[in-house]
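[1] structure of the sequence below:
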Amino acid sequence: SRYGALSSNRSTPRTCWHPAKRSLNRSLPPILLQLERQHSGSDMAFLPPTSLAWLLWRRMVHTQVTYFAVPEVMPQADVLKLCDLPVPYPGVYNHYRPTIQIDLSQSEDVLFKALAPAVHKAIRQADRSRIVIETLDEISEDVWDAFLSAHQKLRQRKPMAGALGVGQVRDLMKMGRYELSRSRDGEGNILSWHSYVVTHGRARLQTTIADLDPAQGSVWNNHVGRAHRLHHWKDILRYKALGLALYDFGGVYRGKDDAEQMQIAYFKQLFGGIFADTYDAVIPLSRKGRLALSLVSHVSAESRAGGR
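    Sure, this is the predicted structure:
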């Protein structure tokens, strides 16, 4: 199934890749450049180089990553990383991540009625404004550069915004489980980006970027806000049409201390989903894996995700 279990043996990835023109970061030592090429493959060389920690880890520690479910058979690996499990994995530390999920088995009419009235209004206005939502089945170097530029702009405006995790992105791309979509207005302006992990019948929002800019004034920002709401709605309908079971907003803040995160959480609740608990766990499967995990706490979270 196109949107079934995550598997490194996937023969026909949904995302197609163009040969890259950009060379790798020549500031890396030769041995690391060789590792980078081996991990990337020539068809993904336009991605930014991964971190030194990521390259060394993947070279020395055989790691398998799965999403949403525990493998039926434990892999022949040193470390197994489990992401977004519905229940904690027994016997190890589990990182708790609350989220909001939408049940895509519901009819389109039921899904639409669950949206907040303000979202209904924004969707109608965005449709009248000829906002277009594009699913990027084919990701070229130019598409990636535009996405990366938007993410860098976001991090300039919000320094605490998460890194893309280029190492993780590379792995997902290799397996055809990384997807991009974007919204565009009639003048060609890109207003928002979404990236997803798609597997096991679920689409999990990985990165969301809206081209909001206080310097542009309320007219522009309202325009972007309406497009972003339509963008979420169209993505929800697209994944429903593909037969997926769940749309996951990729985490939600449940605290009361961070006003900005509370505002983001409120935005996600406007789409009518329900709160759900998810868990991440890392399991050593060999002596090497146990040793590696005992050392990994000394490495930053951004480097562990591959950097950037």
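[2] just give me the neighbour total for R130.
    Neighbour count of R130, defined by other Cβ atoms under 10 Å: 10. No exception for glycine: its C-beta is placed from N, CA and C like everyone else's.
[3] likewise Y196?
    So Y196, with other Cβ under 10 Å, has 23 neighbours.
[4] any regions of the stretch 151-300 of the chain where pLDDT drops low?
    For the stretch 151-300 of the chain, applying pLDDT under 70 flags the ranges 297-300.
[5] please enumerate the helices of it.
    166-174, 218-241, 259-269, 287-295 (DSSP state H, counting those that start in this stretch).
[6] list of residues touching stretch 219-239?
    102, 104, 108, 111, 115, 119, 122-123, 125-127, 129, 131, 133, 135, 181-183, 185, 191-192, 194, 196, 198, 203, 208, 210-214, 247, 270-271 (Cβ atoms under 8 Å, 6 or more residues apart in numbering).
[7] cutoff 7 Å now
    Residues from elsewhere that reach stretch 219-239, judged by Cβ atoms under 7 Å, 6 or more residues apart in numbering: 102, 104, 108, 111, 119, 122-123, 125-127, 131, 133, 135, 181, 183, 185, 191-192, 194, 203, 210-213, 247, 271.
[8] so how far is that stretch off the chain centroid?
    17 Å (Cα atoms, centre = their mean, to the nearest Å).
[9] name the nearest residue to the residue nearest the centre of the chain, ignoring sequence neighbours.
    Centroid-nearest residue in the chain, with Cα atoms, centre = their mean: Q206, separated by 2.0 Å. Excluding its sequence neighbours, the residue lying closest to Q206 (Cβ to Cβ, 6 or more residues apart in numbering) is S195, at 4.5 Å.
[10] my guess is the one you found contacts L180, does it?
    Yes - counting by Cβ atoms under 7 Å, S195 touches L180, with 5.4 Å between them.
[11] quick one: the residue nearest to the centre of the chain and L154, what's the gap?
    Distance, Q206 to L154, using Cβ to Cβ, to the nearest Å: 14 Å.
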